[in-house]
Structure formats: structure tokens, C-alpha cells
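> Build me a model:
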Amino acid sequence: MKKGYLVALIVLAVLTLFSLTLNSVVILGLLRARHIALGAVAEARAVVTGISDDTFSYTFEVDQDIPVAASVPFSEEVTVPIHTTLPISMVVAIPINAGLLGTFDIDVPIRTVVPIDLAVAVPISKTVGIATTVPLDLDVPIEVHIADTPLVGYLEELDAALARAEARLRRPLGDGD
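Got it, this is the predicted structure:
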């Protein structure tokens, strides 16, 4: 029995050493993973902090035909100056009553030039219909500073959560939790 007891004790010792070695490997792996996670959280905090200072830029391209239809009322009074001469050349028959001799017509020739110098007001009232298509081809640059958006509040909350995670990863084995 002593031999079976000795073999069992040796097997138990070997299994214990194997278990301790395996646990040490697992603990070292977890410590390495914690160190990697700590680096990743620190990098994520740096990225989140940098994002709040960035600017979102985009160029909005517009290539479209815009139909335009309108009625434009037009009402104005235009003064038209008239500077001319009007030649008159005609013969006028004037009846003359000669009493006992009777009535007879005398032809009087009229040849003259009448100067005309006027300013005539001409009212214009019209509605002009316009119907066309305007081609619109332009690029509109858009820049949004992230610091001017509500996204900054969410980034601050994310940074605070990452800071808490970083603090937990820096504490050895959960001291203070």
C-alpha cells in the first residue's frame, strides 16, 4: 500500500505543479491582455480628444435644372419728348359775300412750318410672363466644426467612460473596488 500511496502522491504532486504552471501562464496572459487593453484605451482617449478639435468638411455638388415661372408686373410712366416741325401746305377756300354781286370763294394758299416742342407722358402698364429653366451647376463647400455641435457632449461622456476604464485597468487586481 505504501507503493500505491507513493505513486498517488507523486501523480498528485505532478498534477499540482502542472496546474500551478498552467495557472501562471493564464495569469501572465491576462496581465498581458490587461496591458494591451490599457494601451488601447489610452489611444482611444487620445483619438476622442482629438476629434473634438476637428472639422467635418464636405463638398455638396449641385447639378440640376431649376424651372422658373413668374409673372412680373410692370407699371411705369415714360416721358417722350417730341421735337419736330410740321410743314403745312394747303389751299383754303374762303367764301366771301360781296353783297349784290353775290357770294364767291377765294382760294388762299397756306404754306408754313409749325415747330412742335412737347413732352408727352405715356403710361405703360403690363404684366410680363417669364418661364425658363436655369441650369444650376455648383459645388457648395460645407465645414462643420465638431466643437460647435452637440457631438462634443457625447465625446466628453465617452472620454470620461474611457478614463474610468483606464483607471480600473491601472489598479492592480481591483484594489479599491
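> contacts and neighbour counts: CA atoms only from here.
OK.
> Please report how far the residue in the chain sticking out farthest from the centre lies from residue 93.
Using Cα atoms, centre = their mean, the residue of the chain lying farthest from its centre is residue 100. It sits 102.3 Å away. Residue 100 sits 20 Å away from residue 93, taking Cα to Cα, to the nearest Å as the criterion.
> isn't residue 84 right up against residue 113?
No - the criterion here is Cα atoms under 8 Å, and residue 84 misses it with residue 113 at 10.0 Å.
> For the one helix or strand residue 152 maps to, list every residue counted as buried.
In this assignment (DSSP states H and E), residue 152 forms part of helix 151-170. Buried positions in helix 151-170, judged by neighbour count with 16 or more other Cα atoms under 10 Å: 152, 155, 158, 159, 162, 163, 166, 168, 169.
> which other residues reach that helix?
Helix 151-170 is contacted by residues 34-35, 37-38, 41-42, 44-45, 48-49, 52, 146, 174 when judged by Cα atoms under 8 Å, 6 or more residues apart in numbering.
> hmm, back to that, what sits against the residue farthest from the centre of the chain?
When contacts are taken as Cα under 8 Å, 6+ apart, residue 100 is in contact with no other residue.
> Model confidence for it, exactly?
Residue 100 carries a pLDDT score of 75 in this model.
> Low-confidence stretches in this protein?
Low-confidence segments of the chain (pLDDT under 70): 1, 172-177.
> all strands for the protein, in order.
Along the chain, counting by DSSP state E, strands occupy 55-97, 103-145.
> Could you save those strands as TSV and add columns showing distance to residue 29 and mean neighbour count?
Below are the strands of the chain laid out as TSV (distance: least, Cα to Cα, whole Å; neighbours: other Cα atoms under 10 Å):
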stretch	distance to residue 29	mean neighbour count
strand 55-97	40	11
strand 103-145	42	11
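> between those strands, which gets nearest to residue 9?
Closest to residue 9 of the strands of the chain, according to Cα to Cα: strand 55-97, at 69.8 Å.
> what angle separates the closest one from strand 103-145?
180 degrees (axes from the mean of the first three to the mean of the last three Cα atoms, to 10 degrees).
> Who does strand 55-97 pair with, and is each partner parallel or antiparallel?
Strand 55-97 has the following strand partners under DSSP bridges: strand 103-145 (antiparallel).
> so how far is the strand it pairs with from its chain's centroid?
Offset of strand 103-145 from its chain centre (Cα atoms, centre = their mean, to the nearest Å): 42 Å.
> Also stretch 33-52?
That offset, for stretch 33-52, works out to 34 Å (Cα atoms, centre = their mean).
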